[in-house]
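Colleague: My questions concern the predicted model and sequence given below.
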Amino acid sequence: MEVGRQVFSVDLLERYDVNKHGAITCMAAGNDVIVLGTNIDLSAGRPGEQSVHRVFVDPGGSHCIASVVGSGGADTYYTHAKWTKPRVLNKLKGLVVNAVAWNRQQITEASTKEVILGTDNGQLHEIAVDEKDKKEKYIKSLFELTELPEAFMDLQMETASISNGTRYYVIAVTPTRLYSFTRIGLLDAVFASYVDRAVHFMELPGEIPNRQVASSQQFDEGCCGGGIKTQK
């Protein structure tokens, strides 16, 4: 690289202006789609101010999940790129979703397939939504931290098709630990197998409340050779 040469430039994207729609609280991107969350009400008639806590977009840019927190509690919304308004996931009422793991190997434009949600009270849930159904197909409780209840801050899920089924590998990060779950079979069976055996985890130095994990795809894109790391 030439000394003094400008590598990056920053431009104001006026078409994404959210003036009069509240202050930006979060952002997510996937496949050239950018979703911004603000601190304005998503629907009329709700008491107090609401704020989009976190927003998540799948790698293909078709599916979006948003966690909204306000004085009236927390709600989780799902929307599809073809929809004109989001739908609330009623069975997650009161839970603050901090992290989402998409099944990148199985997801399609029409269906999320299986998705893992991580909450701020240490719970993991599985959901699936089909665009044509306009609502969730199901919501399952997968796992809950009991020894050291902490918020799940980030999740990654990888799958591999093998001769006798599908192998799942899920990693979950809290402010102080990195947990790993792996098994062959269905996703709920992966977590059910830890009812009678210890969960594998690694203690993380210090306490960084916004820890995240980078997937092997992110490492490949960054020419780092693949793997998992924690980010500040």
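Modeller: Nice, thanks for sending it over.
Colleague: quick one, what contacts the spatially most central residue of the chain?
Modeller: When the chain is reduced to its mean C-alpha position, the closest residue under CA atoms, centre = their mean turns out to be Val100, at 1.8 Å. Listed by CB atoms under 8 Å, 6 or more residues apart in numbering, the contact partners of Val100 are Phe56, Ile65, Val115, Ile116, Leu117, Gly118, Leu155. All C-beta spots, glycine's among them, are computed from the backbone N, C-alpha and C.
Colleague: now swap in Thr25 and tell me
Modeller: Gly37, Thr38, Asn39, Ser51, Val52, His53.
Colleague: what's the distance between the closest residue to the second one other than its chain neighbours and Val10?
Modeller: It refers to Thr38. Leaving aside its sequence neighbours, Thr38 sits nearest to Gly22 (CB to CB, 6 or more residues apart in numbering; 3.5 Å). From Gly22 over to Val10 the distance is 23 Å, taken as CB to CB, to the nearest Å.
Colleague: Do you have the helices of this structure handy? List them.
Modeller: Assigned by DSSP state H, the chain shows helices spanning 187-192, 216-221.
Colleague: tell me, how many neighbours does Pro86 end up with?
Modeller: 18 (other CB atoms under 10 Å).
Colleague: Span of stretch 70-84 from start to end?
Modeller: From its first residue to its last, stretch 70-84 covers 23 Å (CA to CA, to the nearest Å).
Colleague: how about the nearest residue to Lys132, chain neighbours excluded?
Modeller: Closest residue in space to Lys132, ignoring its immediate chain neighbours: Ala110 at 6.9 Å, by CB to CB, 6+ apart.
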